[in-house]
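Peer 1: generate a structure from the sequence data that follows.
(one chain, ligands or ions: 1)
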Amino acid sequence: MALKTIGIIGAGQMGSGIVHVCALAGYDVLIHDVSTERIQSGLATITGNLARQQSKGHITEEARKAALGHIRAAENLDNLADADLVIESATENEQVKRKIFAQVSPLLKPEAMLATNTSSISITRLAASTDRPERFIGIHFMNPVPVMELVELVRGIATGDETFEAAKTFVAKLGKTIAVAEDFPGFMVNRILLPMINEAIYTLYEGVGTVVAIDTAMRLGANHPMGPLQLADFIGLDTCLSIMQVLYEGLADSKYRPCPLLVKYVEAGWLGRKTQRGFYDYRGEKPVPTR
Ligand SMILES: NC(=O)c1ccc[n+]([C@@H]2O[C@H](COP(=O)([O-])OP(=O)(O)OC[C@H]3O[C@@H](n4cnc5c(N)ncnc54)[C@H](O)[C@@H]3O)[C@@H](O)[C@H]2O)c1
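Peer 2: Residues are numbered from 1 along each chain as shown. Here you go, the predicted model:
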């Protein structure tokens, strides 16, 4: 199954990163979101990030230009009809994703593959909302996509061997390393990472330490490159909450209960870097802790 054209649904921080690495690897890429503004904002991010990579000497000017030449906006879902693989990277909400798959499936070629970049939701359940569960797979990229080397591959119960092999070849062509996970809530990375972040938020909620103290403790005491609250802001607090809810409901264990303080931040619309405020306020020159 030779892949040439890749469609990406969702032009947020992850979707734009996936477009970026696919275009650099030489694929033709179509980028779709709910509005022209969202697509344009994704394109602006990609253009800026490619320029930064070039200025740091990580890619050549020719590679940057060639990558930009591979990317096209897809204003409507019908524009994805030519794609050989469509990767959904919209908001981490099962209803949103199911609706997208129900809408896009009938528009695609019968042989086209479908994938999701979900952080936690069941691949088997999402596959069931398509007309091709055997051609459906979880391709879970890490944030920021151009920098992070890992991709988790997750097979649903119906995912065919041909789809799995094609996904492996695709990820290898992007220069990423694969870790294969079974289809359980949160797969591997987020099953381990998110409870740690949630515990950091409980540690803040219970007054054990301040935002800065907790992040300093984990950076210097556990040698993490970023503190857990800084990382939560980077991931997006809405995404963190959705993942914790999937773990809590899917594994039915109270140890995954989302911290009420995380819920409160999301209810306030303080979603981290993407809204300029989360555990830190990013509107000034330097991030300032909000607690
Ligand atoms: N943030 C991370 O660190 C991270 C890491 C790995 C995977 N993921 C997963 O990637 C996915 C996207 O996360 P993100 O961080 O890019 O979120 P984001 O909020 O930055 O972007 C989500 C995008 O989806 C778009 N969208 C919503 N509904 C849509 C629809 N019906 N059709 C088309 N587009 C729609 C939104 O307009 C938005 O642009 C989620 O499933 C998330 O769990 C996130």
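Peer 1: tally of neighbours for the residue of the stretch 1-150 of the chain at minimum distance from the ligand?
Peer 2: Residue nearest to the ligand within the stretch 1-150 of the chain (C-beta to the nearest ligand atom): Gly12, separated by 1.8 Å. Where you see a C-beta, it was placed from the backbone N, CA and C, and this is true even at glycine. Look at Gly12: counted by other C-beta atoms under 10 Å, it has 18 neighbours.
Peer 1: against which helices or strands is the longest helix anywhere in the chain packed?
Peer 2: Determined from DSSP state H, the single longest helix within the chain is helix 36-55. Contact partners of helix 36-55 among helices and strands, from 3 or more C-beta pairs under 8 Å, 6 or more residues apart in numbering; DSSP states H and E: helix 13-24, strand 28-32, helix 61-69, strand 71-73.
Peer 1: dump these to JSON lines, plus distance to Ser89 and mean neighbour count.
Peer 2: Formatted as JSON lines, those follow (distance: least, C-beta to C-beta, whole Å; neighbours: other C-beta atoms under 10 Å):
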{"stretch": "helix 13-24", "distance to Ser89": "4", "mean neighbour count": "25"}
{"stretch": "strand 28-32", "distance to Ser89": "10", "mean neighbour count": "25"}
{"stretch": "helix 61-69", "distance to Ser89": "18", "mean neighbour count": "14"}
{"stretch": "strand 71-73", "distance to Ser89": "15", "mean neighbour count": "17"}
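Peer 1: for Ala268, find the nearest of the ones you listed.
Peer 2: Nearest to Ala268, of all the helices and strands packed on helix 36-55, is helix 13-24, at 19.8 Å by C-beta to C-beta.
Peer 1: averaged pLDDT, the closest one. What do you get?
Peer 2: Helix 13-24 shows a mean pLDDT of 98.
Peer 1: now for that helix, which elements pack on it?
Peer 2: By 3+ C-beta pairs under 8 Å, 6+ apart, helix 13-24 packs against strand 5-9, strand 28-32, helix 36-55, helix 61-69, strand 136-141.
Peer 1: tell me the residues of the protein that contact the ligand?
Peer 2: 9-15, 32-34, 38, 89-92, 96, 100, 117-119, 140-143, 235-236, 239, 274 (C-beta under 6 Å from any ligand atom).
Peer 1: the domain parsing of this protein - what is it?
Peer 2: Annotated domains of the chain cover 5-182, 189-289 [the TED database].
Peer 1: I'd guessed Leu126 sits against Phe136; true?
Peer 2: Yes. If you go by C-beta atoms under 8 Å, Leu126 and Phe136 touch, sitting 7.1 Å apart.
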